[in-house]
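In: Fold the following.
(chains A and B)
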Amino acid sequence: MDLDLKRQLQINACKVRMGVVEGTFCAQSGHPGGSLSITDILTYLYFVEMNVNPKEPQWEDRDRFVLSKGHTAPALYSVLALRGFFPFDEIKTLRKSNSMLQGHPSMRMTPGIDMSTGSLGQGISAAVGMALGAKISKKDYRVYTALGDGEIQEGQVWEAAMFASAKKLDNLVAIIDNNNLQIDGTLEEVNSPYPIPEKFESFGWNVINIDGHNFDDIDFAFKKAKESKGKPTAIICKSVKGKGVSFMENNASWHGKATNEEEYNQAMNELKQTLSELEAE
Amino acid sequence: MADIIKASTRDGYGNALLELGKTDEKVIVMDADLAGATKTGVFKKAFPEKFFNAGIAESNLMGVAAGLSLSGYTVFASTFAMFAAGRAFEQVRNSIGYPKLNVKIAATHAGISVGEDGASHQCCEDIALMRTIPEMVIINPADDVEAKAATIAASKYEGPVYLRFGRLAVPRIFEEESYNFEWGKGKKLKDGTDVTIVATGLMVHEALKAAERLEVEGISARVINIHTIKPLDRHIIMEAAYETGAIVTAEEHNVIGGLGGAVSELVCENHPVPVLKVGVNDVFGRSGPALELLDLYNLNCTHIAEKAKQAVAFKIVPQIKEHDLE
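Out: Numbering: from 1, shown residues only, chains lettered A, B, ... in the order given. Next up is the predicted model:
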């Protein structure tokens, strides 16, 4: 992909990561680990892939996104803010009682949120419904949804996967954020959903395996997904939980806790360092 | 006496869908492999391009219905009450109720009158479950005429509605030509001064019969039909509490959390009078012919009349005897 665009995406993703750390620190709760692993994908979706208009969040013909792994809302809020749906400073109000930024996405409270999610396994069904709606109305918009790899332990995901392929929803893309960690440990330790690509293939999906932090890979995958005819696409992203903050990377304990002041400072310093290096390039 | 027409409320639902298919291009119907039983099959046959079968997957049924509504459609999602309100409760709460989406959960085969299939399929908990979801509208029609009108009214309302229908053919109470469905309004079917029977669903017909019997015994019973259980018509219930001083509720549902619960909560907080409940008495059902089961579980006019007499008796403030306090 174009080098300038790639650098710009990396810069944006770094800013999004800062938003994740900032928001969860201010809230003293939330889910930084999975937010950081899905950050690059969300950044690409909202800055390259999706046809959206921050000035008209409800625009009828927009592409839709459903964060099925709703607990990683801090990443989505940061991306939406950076894209201009609301001021970036709002992220500091995350999870507070007077905030529009709920612990999990609420479409009635936050501009740019297309579906309320949080209870795992449900978002993908709504995305399937939206994609079916586009087909019935003969509209061109596409629908994207992101799921956690632990989330696919929910049976509803496979109900939705079966239905989406039966209805030939090639306007639907499901992203599986395969960071291999869930609250209680690694996926294998808890209840292995592996092999993931084969499962989606056997459900009739077009499957693409990529590195979820490599923008060339990401760009390739979403372009490839557009070529799929008659099949929904699953993009399985190998990713790192806590990506971008050294002490959070690959550490399940950062699934659902916020930094203390010392950790916050260290995390922000690391991200600022990354940002200045990117901007200097 | 004219012949009594019998039809199930699910038939009324199917008829309404057929009409909506012709008049409202935004209506889409979904089912979970029960289209013949829920009567959505009638719609499917006439409008195959607007019908989608989720298969035996009720969680996904509710989620897809939510997504379709976000594409601008009015979606009717049908399955049996047990699976709509029970199995998919959380999907209804989180994917439909919380975002307040335009999905009509049209649940058939509610209550004990499912009959021979037995307890696993006799849902007597759905009203209680749905009542606890904020802003959920709950409609439980008394006959097929009301069921049809309620379905059409629900299609014009923007937001989640739980429509509760039965399997059993029940006596028609209302005339199709003159019936007018009033959203959220109870309807006084018979006036009375001694006691009020507040009934819903197939118990409305039983309530009318009970009132006739009570009349013979010199008790003047008012009968109110509550088709919209939530939001409850507060005015008509409180008026009954003030004017008749005693209430009996009648529903084909657990006595916990249904119409009886709703009426008790309202009356107790505003003008406490005796509220006695006729319903399934917190037990699981069993297999058997529907009409036999209704009798077996005391869901009939005889039991309503008995409870009405008890309620009237309760109106006399009991004198505390000294030995009660010892």
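
In: Enumerate every residue touching B:His13.
Out: Let me fix one detail, which is that residue B:13 is Tyr and not His. B:Tyr13 sits next to B:38-39, B:78, B:106, B:108, B:147-148, B:151, B:163, B:165 when contact means CB atoms under 8 Å, 6 or more residues apart in numbering or on different chains. Using the backbone N, CA and C atoms, a C-beta is placed for each residue, glycine as well.

In: next one: B:Ala81
Out: Counted by CB under 8 Å, 6+ apart, B:Ala81 has contacts B:107-111, B:123, B:126, B:164.

In: about what we covered before: could you flag which of the contacts of B:Tyr13 are buried?
Out: Among those, those classed as buried by 16 or more other CB atoms under 10 Å in any protein chain shown are B:38-39, B:78, B:106, B:108, B:147-148, B:151, B:163, B:165.

In: wait, which of those is closest to B:Pro134?
Out: Lowest distance from B:Pro134 to the buried ones among the contacts of B:Tyr13 (CB to CB) belongs to B:Leu163, with 18.2 Å.

In: where in the chain is pLDDT low?
Out: Just going to use chain A. Nowhere does chain A drop to pLDDT under 70.

In: Chain B is the one I meant
Out: Using pLDDT under 70, chain B drops low at B:1-2, B:316-326.

In: could you redo the last one with a cut-off of 50?
Out: Low-confidence segments of chain B, defined by pLDDT under 50: B:1.

In: Helix, strand, or coil at A:Val207?
Out: The three-state assignment at A:Val207 reads strand, by DSSP: H, G, I helix; E, B strand; the rest coil.

In: Report the closest residue of the stretch 101-250 of chain B relative to chain A.
Out: B:Leu101 (8.9 Å; CB to the nearest CB).

In: For the chain, which segments are assigned as strands?
Out: Because you didn't say which chain, this covers chain A. A:64-67, A:143-148, A:172-178, A:181-182, A:185-186, A:206-211, A:233-238 (DSSP state E).

In: looking at chain B here, not the other one
Out: Using DSSP E, the strands found in chain B span residues B:6-7, B:27-31, B:51-53, B:74-80, B:103-108, B:137-139, B:161-164, B:170-171, B:187-190, B:195-199, B:221-225, B:228-230, B:247-254, B:275-280.

In: just so I know, which of those lies nearest A:Val79?
Out: Closest approach to A:Val79 among the strands of chain B is made by strand B:103-108 (28.4 Å; CB to CB).

In: residues in contact with A:Lys243?
Out: The contact partners of A:Lys243, taken as CB under 8 Å, 6+ apart, are A:17, A:36-37, A:39-40, A:213, A:249.

In: what's the distance between it and chain B?
Out: The spacing between A:Lys243 and chain B, counted by CB to the nearest CB, to the nearest Å, is 28 Å.

In: Need the phi and psi values for that residue.
Out: Torsion angles at A:Lys243 (phi, psi; degrees, to the nearest 10) stand at phi -50, psi 130.

In: follow-up on the earlier one: top of the contacts of B:Ala81 by neighbour count?
Out: B:Gly111 (33 neighbours; other CB atoms under 10 Å in any protein chain shown).

In: would a markdown table of the strands of chain B with distance to chain A be doable?
Out: Supplementary listing: the strands of chain B in a markdown table, determined by distance: least, CB to the nearest CB, whole Å:
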| stretch | distance to chain A |
| --- | --- |
| strand B:6-7 | 32 |
| strand B:27-31 | 7 |
| strand B:51-53 | 7 |
| strand B:74-80 | 8 |
| strand B:103-108 | 10 |
| strand B:137-139 | 17 |
| strand B:161-164 | 18 |
| strand B:170-171 | 34 |
| strand B:187-190 | 33 |
| strand B:195-199 | 34 |
| strand B:221-225 | 34 |
| strand B:228-230 | 20 |
| strand B:247-254 | 26 |
| strand B:275-280 | 30 |
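
In: Contacts only, for the closest residue to the residue of the stretch 101-250 of chain B closest to chain A other than its chain neighbours.
Out: Nearest residue to B:Leu101 in three dimensions, chain neighbours excluded: B:Ser69, at 4.4 Å (CB to CB, 6 or more residues apart in numbering or on different chains). B:Ser69 makes contacts with A:129, B:75, B:101-103, as judged by CB under 8 Å, 6+ apart.

In: try it again with 7 Å
Out: Applying CB atoms under 7 Å, 6 or more residues apart in numbering or on different chains to B:Ser69 gives the contacts B:75, B:101-103.

In: Could you report the separation of the closest residue to A:Met268 other than its chain neighbours from A:Asn260?
Out: By the measure of CB to CB, 6+ apart, the closest residue to A:Met268 outside its immediate chain neighbours is A:Val21, 6.0 Å from it. Per CB to CB, to the nearest Å, A:Val21 is found 12 Å from A:Asn260.

In: try A:Ser202
Out: According to CB to CB, A:Ser202 and A:Asn260 sit 45 Å apart.

In: now swap in B:Asn180 and tell me
Out: Counting by CB to CB, the gap from B:Asn180 to A:Asn260 is 64 Å.

In: For those two, indicate the residue with more neighbours.
Out: With neighbours defined as other CB under 10 Å, B:Asn180 and A:Asn260 compare such that A:Asn260 has more, 11 against 8.

In: gap between the more buried one and A:Ala267?
Out: 10 Å.

In: Then A:Ser29?
Out: In terms of CB to CB, A:Ser29 sits 16 Å off from A:Ala267.

In: ok, now A:Ala27?
Out: Distance of A:Ala27 to A:Ala267, computed by CB to CB: 15 Å.

In: Out of these two, name the residue with the larger neighbour count.
Out: Using other CB under 10 Å, the more surrounded residue of A:Ala27 and A:Ala267 is A:Ala267, with 26 against 19.

In: Could you list the domains of chain B?
Out: Chain B is divided into the following domains under automatic domain parsing: B:6-171, B:187-316.

In: Would you reformat these as CSV and include distance to A:Ala13?
Out: CSV is the format used below for the domains of chain B (distance: least, CB to CB, whole Å):
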stretch, distance to A:Ala13
domain B:6-171, 28
domain B:187-316, 46
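
In: among these, which is the most enclosed?
Out: The highest mean neighbour count among those, using mean count of other CB atoms under 10 Å in any protein chain shown, belongs to domain B:6-171: a mean of 23.

In: For that one, measure first residue to last.
Out: For domain B:6-171, the first-to-last residue distance is 4 Å (CA to CA, to the nearest Å).

In: Next, count neighbours for the residue nearest to A:Met268.
Out: 28.

In: and the longest helix along chain A, how far out from the chain's middle?
Out: Taking DSSP state H as the criterion, chain A has its longest helix at helix A:3-27. Offset of helix A:3-27 from its chain centre (CA atoms, centre = their mean, to the nearest Å): 13 Å.

In: repeat for stretch B:124-133
Out: 11 Å.

In: is that stretch anywhere near chain A?
Out: No. On the criterion CB under 7 Å from any CB of the partner chain, stretch B:124-133 is out of touch with chain A, staying 13.6 Å away.

In: Mind listing residues that contact that stretch?
Out: Contacts to stretch B:124-133, defined as CB under 7 Å, 6+ apart, come from residues B:81, B:85-86, B:89, B:92-93, B:97, B:107, B:110-112, B:136, B:138, B:140, B:162, B:164, B:229-230, B:253-254, B:256-259, B:261-262, B:280, B:285.

In: start to end distance for that stretch?
Out: Note: stretch B:124-133 ends 17 Å apart using CA to CA.

In: cool, and stretch A:103-110?
Out: For stretch A:103-110, the first-to-last residue distance is 12 Å (CA to CA).
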